[in-house]
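Participant: Show me the folded form of this:
(2 chains)
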Amino acid sequence: MNRWSLCLLIGATGCALAVSGCTTSQSAAPDSAVPSTGAGATTGAQGAGAKPGQVAAVSNAEAPTGAAVERGAGAGSEPVDGTVYGDGVTLTESTPISAILDDVDAFAGQRVRVEGLITAVCETRGCWIDLAGDREFEVLRIKVPDGVIVFPIEVRGKYAVAEGIVAKVDPDQPAGEGLGQHMGEGEGGAGGSGGAGVHEGEGEAAGSGDGGMHAEMAGRTARIDGTGAVIRDNP
Amino acid sequence: MTLATRLRPRRVLRLLHRDIGYALFALTSAYAVSGIAVNHIGDWNPSYAATRTALAIGPIAAEDLDGMEAAVVARTGLPPDEVTGRHRPDPNTFVLFLPEGGEVRVDIRTGEGQMERYRPRPLLYASNVLHLNRLKGAWTYVADVFALLLLFLAVSGLFMLKGRTGLGGRGKWLVGIGVVVPLVFLVRFMWP
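Facilitator: Numbers count the residues shown, from 1 in each chain, chains lettered A, B, ... in the order given. The predicted structure follows:
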């Protein structure tokens, strides 16, 4: 190898090393539990009166098993630590998944922030995740545009804080339609195609973990068309 | 060789085509392999290989989550610290989450279930990360430069040679085939 080629090789390697440090896809923010702001406080976002965006700190959830999540209120916003996907999370207060599923019409079209244990991930394109609700046997699907946000399979079992627009889903929609399509094939919006959130225990449930089976959407009443999420190991 | 000879356009094109081709060999190969893998994404997971093991651990009598977890861990021989979370999707099913997206899913009435583990596919996982731009950030621009250089290779290839083997000779037929084949598919797709 002559001197010119050696210089070229060293220069290219050096540039690559320098530039690679600018890669910011996966934030290096250490996983940390969001500080608790007090026990017994109830969430400020419940039912039809929910106002996404109200400033409130998010307290630690209980064990990631779908148990009730307590929220602090009025303690100021806290940054959400974890790996950022898409636009991340901008709202400061989470809406309980049970509240959304109890009154989907009230939330349809609204931007909300939800959080919970990730129980399932799309194995094909990483285009959706299911979050366990605060009430037993409930999950809500966060659907994201194919290829824009890709959730790797290894996030299953981790904790996510996600944000997006609530979309109402026809629970009687035949399996394989709607959300069986990936988002690039037909936009989901309020009342759009596909299904994602349901009170489970009704036949097949998305928590089965077999992420490729979109047929499990039958019976769901809502989903969130996600714009971003922050995922970490623990609540 | 005179300067004029050295700087003849076709000669310069061939030299650049050759040297850029050398430089892009690795990434082009990675993108090509990844492209084939992702092209069949409906049939398989191009980045991860799943291992599924059937389980039969007997009915689980515990009614609380801690008890269910302890029973499943003990009966499957899992290291307790491997469990990253747990979930009950319905009253009859209990799920333990394992690292790297794995899980143990059990019907608590019968004890039958499945353990699922994922591992990244060697080389293919890395190729997909690059090809699908999972890295984001500065890699986006590196990939853009790579694409531009590929475009240069394509265009320079048209004009590198002259005569019978050049674009004016059999080259035009081969370019035509390369245009017509995708066009046919496009036309059938857009006007079925």
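Participant: quick one: residue A:229 and chain B, what's the gap?
Facilitator: Look at residue A:229 and chain B: by CB to the nearest CB, to the nearest Å, they are 15 Å apart. C-beta coordinates here come from the backbone N, C-alpha and C atoms, glycine included.
Participant: ignore the last one, residue A:114
Facilitator: To chain B, residue A:114 is 16 Å away according to CB to the nearest CB.
Participant: What is the helix or strand containing that residue packed up against?
Facilitator: Using DSSP states H and E, residue A:114 sits in strand A:111-121. Contacts defined by 3 or more CB pairs under 8 Å, 6 or more residues apart in numbering or on different chains; DSSP states H and E place strand A:111-121 against helix A:97-102, strand A:128-132, strand A:138-143, strand A:159-168, strand A:222-232, strand B:85-90.
Participant: now the angle between strand A:128-132 and the fifth one, please.
Facilitator: Inter-element angle recorded for strand A:222-232 and strand A:128-132: 90 degrees (by axes from the mean of the first three to the mean of the last three CA atoms, to 10 degrees).
Participant: Put the alpha carbons of strand A:222-232 into PDB.
Facilitator: What follows is strand A:222-232, C-alpha atoms only, in PDB (Å, rounded to 0.1, in the frame of the first residue of the first chain):
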ATOM      1  CA  ALA A 222     -59.700   2.400  19.900                       C
ATOM      2  CA  ARG A 223     -56.100   2.900  19.000                       C
ATOM      3  CA  ILE A 224     -53.700   5.800  19.100                       C
ATOM      4  CA  ASP A 225     -52.100   7.000  15.900                       C
ATOM      5  CA  GLY A 226     -48.700   7.600  17.500                       C
ATOM      6  CA  THR A 227     -46.300  10.400  16.800                       C
ATOM      7  CA  GLY A 228     -43.700   9.400  19.200                       C
ATOM      8  CA  ALA A 229     -42.700   7.500  22.300                       C
ATOM      9  CA  VAL A 230     -40.100   7.200  25.000                       C
ATOM     10  CA  ILE A 231     -39.200   3.700  26.100                       C
ATOM     11  CA  ARG A 232     -37.200   2.700  29.100                       C
END
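Participant: For it, the averaged confidence score.
Facilitator: Averaged across strand A:222-232, pLDDT comes to 95.
Participant: For it, name the packing helices and strands.
Facilitator: Contacts defined by 3+ CB pairs under 8 Å, 6+ apart place strand A:222-232 against strand A:83-86, strand A:111-121, strand A:138-143, strand A:159-168.
Participant: same thing with the fourth one?
Facilitator: Applying 3+ CB pairs under 8 Å, 6+ apart, we find strand A:159-168 packed against helix A:104-107, strand A:111-121, strand A:128-132, strand A:138-143, strand A:222-232.
Participant: roughly how far apart are residue A:81 and residue A:162?
Facilitator: Applying CB to CB, to the nearest Å, the value for residue A:81 to residue A:162 is 15 Å.
Participant: cool, residue B:115 as well?
Facilitator: Separation of residue B:115 from residue A:162 (CB to CB): 27 Å.
Participant: Which one's more surrounded, these two?
Facilitator: residue A:162 (27 against 19; other CB atoms under 10 Å in any protein chain shown).
Participant: surely that one meets residue A:226?
Facilitator: Yes. The criterion here is CB atoms under 8 Å, and residue A:162 meets it with residue A:226 at 5.4 Å.
Participant: Do you know the pLDDT at residue B:6?
Facilitator: 75.
Participant: Need the helices and strands packed on strand A:159-168 in JSON lines (columns: mean neighbour count).
Facilitator: Formatted as JSON lines, those follow (neighbours: other CB atoms under 10 Å in any protein chain shown):
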{"stretch": "helix A:104-107", "mean neighbour count": "18"}
{"stretch": "strand A:111-121", "mean neighbour count": "25"}
{"stretch": "strand A:128-132", "mean neighbour count": "30"}
{"stretch": "strand A:138-143", "mean neighbour count": "27"}
{"stretch": "strand A:222-232", "mean neighbour count": "25"}
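Participant: can you list the ones you listed in CSV and add distance to residue B:36?
Facilitator: CSV is the format used below for these (distance: least, CB to CB, whole Å):
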stretch, distance to residue B:36
helix A:104-107, 42
strand A:111-121, 24
strand A:128-132, 25
strand A:138-143, 27
strand A:222-232, 30
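Participant: just how off-centre is stretch B:121-137 within its chain?
Facilitator: 6 Å (CA atoms, centre = their mean, to the nearest Å).
Participant: tally of neighbours for residue B:124?
Facilitator: Neighbour count of residue B:124, defined by other CB under 10 Å: 20.
Participant: re the thing from before, what average pLDDT does the strand holding residue A:114 get?
Facilitator: Here strand A:111-121 scores 96 as its mean pLDDT.
Participant: What pairs with that strand, parallel or antiparallel?
Facilitator: On the basis of DSSP bridges, the sheet neighbours of strand A:111-121 come out as strand A:128-132 (antiparallel), strand A:159-168 (antiparallel).
Participant: Which one of the helices and strands packed on strand A:159-168 lies nearest to residue B:86?
Facilitator: Between residue B:86 and the helices and strands packed on strand A:159-168, the tightest spacing by CB to CB is seen for strand A:111-121, at 8.3 Å.
Participant: in chain B, which spans are strands?
Facilitator: With strands called from DSSP state E, chain B shows them at B:48-56, B:85-90, B:93-97, B:103-107, B:112-120.
Participant: Nearest to residue A:101, out of those?
Facilitator: The closest of the strands of chain B to residue A:101 is strand B:85-90. By CB to CB, the value is 14.5 Å.
Participant: In its sheet, which strands sit next to that closest one, and in what direction?
Facilitator: According to DSSP bridges, strand B:85-90 forms sheet pairs with strand B:93-97 (antiparallel).
Participant: could you give the angle of the partner strand to strand B:112-120?
Facilitator: Using the same axes, to 10 degrees: strand B:93-97 against strand B:112-120 is 30 degrees.
Participant: which residues sit against strand B:93-97?
Facilitator: If you take CB atoms under 8 Å, 6 or more residues apart in numbering or on different chains as the criterion, strand B:93-97 is touched by A:117, A:119, A:156-157, A:207, A:209, B:60, B:65, B:68-69, B:72-73, B:78, B:83-89, B:103-108.
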